[in-house]
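[1] coords please:
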Amino acid sequence: MSESVYKVIELVGTSPESWEKAASIAVETAAKSLRDMRVAEVVEQDLVIEDGKVRAFRAKVKVSFKYHIEED
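    Have a look, this model is predicted:
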């Protein structure tokens with residue numbers, strides 16, 4: 001394996017359906033602008049509650065992607 005550097009960012013995805021869907025939305029949205037994503041780790045889950053009912057699931061996700069340096 002060659003030497004590489006990866007950047008890690010933290011994202012929060014939301015979904016009215018589930019934590020899994022919230023995490024998927026975060027990763028799929030990031031994939032539209034990031035390249036070479038490698039690993040995603042769900043680090044936190046919480047709920048949005050309104051009027052005593054769950055309205056949204058939220059997943060905080062750490063995503064790593066390969067860091068590329070543009071050469072002149």
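[2] all strands for this protein, in order.
    6-15, 37-50, 53-66 (DSSP state E).
[3] next one: the last one to chain centre, how far?
    Yep, that's strand 53-66 we're talking about. Between the mean C-alpha point of strand 53-66 and the mean C-alpha point of its chain there is a distance of 6 Å (Cα atoms, centre = their mean, to the nearest Å).
[4] now do it: which elements does it pack against?
    Secondary structure elements in contact with strand 53-66, counted by 3 or more Cβ pairs under 8 Å, 6 or more residues apart in numbering; DSSP states H and E, are strand 6-15, helix 19-30, strand 37-50. Yep, even glycine has a C-beta here, placed from its N, CA and C like the rest.
[5] so for the shortest one, what gets flagged as buried?
    In this case it means strand 6-15. Leu11, Gly13, Thr14, Ser15 (16 or more other Cβ atoms under 10 Å).
[6] the first one contacts Lys60, correct?
    This means Leu11. Yes - counting by Cβ atoms under 8 Å, Leu11 touches Lys60, with 7.4 Å between them.
[7] would you enumerate the residues in contact with the closest residue to Lys7 other than its chain neighbours?
    In space, not counting the residues next to it along the chain, Lys7 is nearest to Tyr67; the distance is 4.9 Å by Cβ to Cβ, 6 or more residues apart in numbering. Residues near Tyr67 by Cβ atoms under 8 Å, 6 or more residues apart in numbering: Ser4, Val5, Tyr6, Lys7.
[8] how close does the last one sit to Glu50?
    If I follow you right, that is Lys7. Summarising the geometry, the distance separating Lys7 from Glu50, computed by Cβ to Cβ, to the nearest Å, is 35 Å.
[9] now Phe65
    Distance, Phe65 to Glu50, using Cβ to Cβ: 34 Å.
[10] kindly report the same for Ala30.
    Taken as Cβ to Cβ, the spacing of Ala30 relative to Glu50 amounts to 27 Å.
[11] those two: which has the busier surroundings?
    Neighbour tally, Ala30 and Glu50, criterion other Cβ atoms under 10 Å: the higher count belongs to Ala30, 17 against 8.
[12] just the pLDDT for that one.
    The predicted local distance difference test score for Ala30 is 95.
[13] got a list of contacts for stretch 26-37?
    Outside stretch 26-37, the residues within contact range by Cβ under 8 Å, 6+ apart are Ile9, Leu11, Val12, Gly13, Ala40, Ala59, Val61, Val63, Ser64, Phe65, Lys66, His68.
[14] brilliant, that's me finished.
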